[in-house]
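>>> Structure for the following, please:
(2 chains)
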Number of protein chains: 2
Amino acid sequence: MKVGVLLSGCGVFDGAEIHEATLTLYFLDKAGVEIVCMAPNIPQKEVINHLTGEKTNETRNVLVEAARIARGNIKDINEVSADDIDALIMPGGYGVAKNFSNFLEKGADADVIPEVKRLLVEMFEKKKPIGAVCISPVIVAAALKEAKVKLTIGTDEEVAKAIEAMGQQHLVCPVSEALVDEENKIVSTPAYMEGKTIKDVAEGIEKLVNEVLRLAKS
Amino acid sequence: MKVGVLLSGCGVFDGAEIHEATLTLYFLDKAGVEIVCMAPNIPQKEVINHLTGEKTNETRNVLVEAARIARGNIKDINEVSADDIDALIMPGGYGVAKNFSNFLEKGADADVIPEVKRLLVEMFEKKKPIGAVCISPVIVAAALKEAKVKLTIGTDEEVAKAIEAMGQQHLVCPVSEALVDEENKIVSTPAYMEGKTIKDVAEGIEKLVNEVLRLAKS
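The predicted structure follows:
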């Protein structure tokens, strides 16, 4: 079995959340599946100094930075089709919202970049499982508008409202759990949307990985 | 109990190895200890494009990049003394060799940068445990010259010879294990010096974390 892991950079404030991404790789590897890391070959929306929290004048590329998490073993998402993988998992981080969409500006009217939307729609249409961690359910909601899929980002009411306005169903879920939409084969977990420390986040991500793999086999 | 985690940047080829660093944080958090991430506030020796493996013209700062792994919760190593922590763990990555020393140029004659050497010597003199992952035992060996401590970097004969030439004892160890020098309270594990995938690396790092915590309590 091959599972895609879609990364949005490297670092919580402008890219993929590193703990969520690494734990996803860890639990997938423990389960013995082949991992296909991928990212879009596009500039980051911005570069944040993670020590100060301030925006810098630097420019960085999402695929090049995501390669840090993947230890160089990563593909351009444009080279990956839903036929190549049995499931897809998207770790969180602000990079998901910032680099994959205009959610922070547009809210419920957000668009997803074509590179990411294409693969998410393909996976959904082929009934292959999608796992969405942390803020990633927003991207799934925006890519699959009006699909009435069940998603969670934890308890954040504003983001939950946006997900509902995109034509999906939002359900509250604790950080230690993963919410499963059996019919649509979509699994989500709040991770750092709710979790205080890495062990909390790991608990939900381990469940998400296991549910995604169960759905991929069913 | 407080455990320091010493980071050398963010990314295997020019900084801290992200999986090793994240797994160290995960197993420490699971054990319920307080974590103090730290890094020196110095420029990286170089910046490597992790997609191509090539050196770039960029400049990055070790503390600022390490803050990506620590989600912004990180200290300048100059602000941390051995009195503040009960143990210190150093994940691996080329950043350890490149940013903390001149080991790649000087081999057994390598020097460790004063910021890192100071804390390692303090920990050793106060008999507080040090955990060294992957290539990090080289830095411990160089900082504690002629201390006759037991270390492993796995099976790499050239690096093992350099460690012996620094006046330490090198022992072969598989990736799934951690080597413990009980007397000197130093624990090491080969991680990606030997491991093929993240689950292998995790096995040794989990043991290293648990041995470091046992020694810190003893």
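>>> Give the rounded mean pLDDT of the longest helix along chain A.
In chain A, with assignment by DSSP state H, the single longest helix is helix A:198-217. Average pLDDT, helix A:198-217: 98.
>>> same question, stretch A:9-28
Per-residue pLDDT over stretch A:9-28 has a mean of 98.
>>> Between the two ends of it, how far is it?
Across stretch A:9-28, the terminal residues are separated by 20 Å (C-alpha to C-alpha, to the nearest Å).
>>> So it, near chain B or not?
Yes - legend: contact between stretch A:9-28 and chain B by C-beta under 8 Å from any C-beta of the partner chain is shown at A:10-13, A:15, A:17-19, A:22-23, A:25-26. Glycine gets a C-beta too; all of them are placed from N, C-alpha and C.
>>> For those, give me CSV that also has secondary structure and distance to residue A:137.
CSV is the format used below for those (DSSP: H, G, I helix; E, B strand; the rest coil; distance: C-beta to C-beta, whole Å):
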residue, secondary structure, distance to residue A:137
A:10, coil, 21
A:11, coil, 20
A:12, coil, 17
A:13, coil, 19
A:15, coil, 18
A:17, coil, 14
A:18, helix, 19
A:19, helix, 18
A:22, helix, 20
A:23, helix, 17
A:25, helix, 20
A:26, helix, 21
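>>> Farthest pair within those residues?
Maximum pairwise distance in those, criterion C-beta to C-beta, is 22.3 Å, between A:13 and A:26.
>>> Quick check, residue A:209 in contact with residue A:28.
Yes - in this structure, residue A:209 is within contact of residue A:28 by C-beta atoms under 8 Å, at 5.8 Å.
>>> Tell me the spacing between the spatially closest residue to residue A:21 that is not a sequence neighbour and chain B.
Spatial nearest neighbour of residue A:21, excluding adjacent residues (C-beta to C-beta, 6 or more residues apart in numbering or on different chains): residue A:91 at 4.1 Å. Distance of residue A:91 to chain B, computed by C-beta to the nearest C-beta, to the nearest Å: 12 Å.
>>> again with residue A:100
Distance, residue A:100 to chain B, using C-beta to the nearest C-beta: 18 Å.
>>> now do residue A:51
Look at residue A:51 and chain B: by C-beta to the nearest C-beta, they are 4 Å apart.
>>> Would you check that that residue makes contact with residue B:70?
No - counting by C-beta under 8 Å, residue A:51 does not reach residue B:70; the two are 9.0 Å apart.
>>> Taking the centroid of chain A, which residue is nearest it?
The centre of chain A sits closest to residue A:90, judged by C-alpha atoms, centre = their mean, with a distance of 2.5 Å.
>>> can you pull the contacts of that residue?
By C-beta atoms under 8 Å, 6 or more residues apart in numbering or on different chains, the contact set of residue A:90 is A:5-6, A:8, A:96, A:130-133, A:136, A:139-140.
>>> Out of those residues, which is nearest to residue A:78?
residue A:6 (12.3 Å).
>>> count of residues packed around the closest one?
Per other C-beta atoms under 10 Å in any protein chain shown, the neighbour tally for residue A:6 reads 30.
>>> what about it, distance to residue B:193?
Between residue A:6 and residue B:193 the distance is 29 Å, computed by C-beta to C-beta, to the nearest Å.
>>> ditto for residue A:108
49 Å.
>>> Disregarding residues adjacent in the polypeptide, which is nearest to residue A:116?
residue A:100 (4.8 Å).
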